[in-house]
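Chemist: Show me how the following folds:
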Amino acid sequence: MTVDGQDPVDEPGNGGTAGRPPRVFISYAHEDDGAVHRERVRTLWRLLCAQGVDAQLDALAAEGPRDWVVWMMHRYQEADFVVVVASPAYKRRAEVREKPGTGLGVGFEAGLLRAEVFGDPAAWFRRILRVVLPGGSADDFPAFLGGAAVTTYSVDPLTAAGAEKLLRYLHRLPYEQAPVIGPVPHLPPRPS
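Modeler: Predicted coordinates for the structure are as follows:
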């Protein structure tokens, strides 16, 4: 599979290495919807893990005391991919349009994302993946993660079949294969 003429298999940080599953950090916001969005994100996390992805979510880390800045920074740096899950709260917090003191985790993660987008404008979208879950909208990504020109992975339903496009990219298992290029045909010139 090629992306902009480059083979992503050969690109550093693009998928796991031989013998290691791809590492994914899931960046999302807690919505004020009675935990509906959080449960969808948790389902995505469990789905990715069940499909051979080393996905990291804050749910396990929240079981005990934590230095959240260090935890987020390490998960971000260790990840082959960062999955950003669209939601209204994510957009507000990443764009610093939320009341002060709200959504500090997303604010910190958004700073890491902005630095990568700014520092690598030609390739950030190969590592930072935009994901929309059921009931979500691509309009709920922060503006700095691009608009319609950047690939969005819609995972709907929250099943392996619904996540196939995302899973294929994470595992470097393209659906389309380039055809074998045949020999040059013999095409005689027009008679004079």
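Chemist: quick one: the worst-scoring helix or strand of the chain on mean pLDDT to chain centroid distance?
Modeler: Evaluated with mean pLDDT, DSSP states H and E, the helix-and-strand set of the chain has its lowest mean pLDDT in helix 58-61, which scores a mean of 93. Computed by CA atoms, centre = their mean, to the nearest Å, the chain-centroid distance of helix 58-61 equals 18 Å.
Chemist: which element follows it toward the C-terminus?
Modeler: helix 68-78 (DSSP states H and E).
Chemist: Show me what that following helix packs onto, helices and strands only.
Modeler: strand 23-27, helix 104-119 (3 or more CB pairs under 8 Å, 6 or more residues apart in numbering; DSSP states H and E). From N, CA and C alone the C-beta is placed, and that goes for glycine too.
Chemist: can you pull out the strands in the chain?
Modeler: For the chain, the strands defined by DSSP state E cover 23-27, 54-56, 81-85, 128-132, 152-154.
Chemist: got the buried residues for stretch 118-126?
Modeler: Neighbour counts using 16 or more other CB atoms under 10 Å place 123-126 of stretch 118-126 among the buried residues.
Chemist: Please flag which of those residues sit within helices.
Modeler: When DSSP state H is applied, these are split such that none fall in helices.
Chemist: Out of these, flag the one nearest to residue 71.
Modeler: residue 124 (22.3 Å; CB to CB).
Chemist: quick one on the thing from earlier: need the helices and strands packed on helix 68-78 in CSV with mean pLDDT and distance to residue 179, can you?
Modeler: As requested, the helices and strands packed on helix 68-78 are arranged in CSV below (pLDDT from 0 to 100; distance: least, CB to CB, whole Å):
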stretch, mean pLDDT, distance to residue 179
strand 23-27, 99, 31
helix 104-119, 97, 35
